[in-house]
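> Below are the sequence and a predicted model for it; my questions follow.
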Amino acid sequence: MFLEVFILALALSMDAFAVSVGLGSKLSQNRRAFATKAALLFGFFQAFMPLIGFLAGIGLESFIKEFDHWIAFILLVFIGAKMIYESFEEEIEDSICKLSNKLLLSLAIATSIDAMAAGFTLALFELHFLISIAIIGIVTFFMSFIGVYIGAKGSKLLESKAEFLGGFVLIIIGFKILFEHLGLL
C-alpha cells in the first residue's frame, strides 16, 4: 500500500514540479534559498489540502460508503484529465516577472487545490492517512526543490511532460480503485 500512496504522491506533485521548473527558469541568483522556500511551501500545501479533503470525506463517510469508490474514480479521473489538458496550455510561468513571496504562496495554494479532492480517496488506502499525507508532502518537497534546479539549468521542456505524466498516473490510480472495489482486480 506504501507504493500506491507514493505513486499518488508523485502524480500529485507534478503540478508543483512543473511550476517549480518554470520558476527556476526565472532565477538569476540565490538558487538554494529560493528552491528551499518553494519546496517548503509547495510541500506544506500539497500535504495540507489532502488532509482537508480526507477530513471532509470522513464527515460524509456514512453517506457515501456505498459509492465511495465511484467518487474516488471520478475525482481522480477528473483531476488527471485536467492535468493532461493543462499540459498542452500556455504556461502560466511565462507571465511571471518578479518572484515575490506573495506569488510563490499563491502558486503553492493553486497547485494544491487538486490535492484536496484527492484527499477524499485517502480513506480507501490501507496506509494510515497521516503517513499518506506525510508522504505526499515530502515527495512534493523534493520534486519542487529539484524542479527549481532543473528550471534554472534551462530544462523547461519538462514542465508539460511532468504535468501530463502526473495526470495519466492519477487516471490509472482511479481505474485501479474502481476495479478493486468492483472485484475486477
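Noted; the coordinates are in hand.
> what packs against the longest helix seen in the chain?
What stands out as the longest helix in the chain, according to DSSP state H, is helix 31-59. The elements that helix 31-59 packs onto, with contact taken as 3 or more CB pairs under 8 Å, 6 or more residues apart in numbering; DSSP states H and E, are helix 2-25, helix 101-119, helix 129-152. Every residue, glycine included, has its C-beta placed from N, CA and C.
> which of the residues in the last one are buried?
Yep, that's helix 129-152 we're talking about. Neighbour-count burial for helix 129-152 flags 129, 132-133, 135-141, 143-152 (criterion: 16 or more other CB atoms under 10 Å).
> From Gly166, how far off is Val139?
Applying CB to CB, to the nearest Å, the value for Val139 to Gly166 is 11 Å.
> so what sits against both of those two?
Common contact partners of Val139 and Gly166 (CB atoms under 8 Å, 6 or more residues apart in numbering): Leu10, Ser13.
> ok so, going back, next, the angle from the longest helix of the chain to helix 129-152.
Helix 31-59 runs at 150 degrees relative to helix 129-152, counting by axes from the mean of the first three to the mean of the last three CA atoms, to 10 degrees.
> mind listing what's buried in helix 31-59?
Applying 16+ other CB under 10 Å to helix 31-59 flags 34-35, 37-43, 45-51, 53-54, 57 as buried.
> What of stretch 110-120?
By neighbour count with 16+ other CB under 10 Å, stretch 110-120 contains the buried residues Thr111, Ser112, Asp114, Ala115, Met116, Ala117, Ala118, Gly119, Phe120.
> Just put the residues you listed in CSV and tack on pLDDT and distance to Lys161.
Formatted as CSV, the buried residues of stretch 110-120 follow (pLDDT from 0 to 100; distance: CB to CB, whole Å):
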residue, pLDDT, distance to Lys161
Thr111, 80, 16
Ser112, 83, 21
Asp114, 79, 18
Ala115, 83, 20
Met116, 83, 25
Ala117, 79, 23
Ala118, 82, 21
Gly119, 85, 26
Phe120, 78, 27
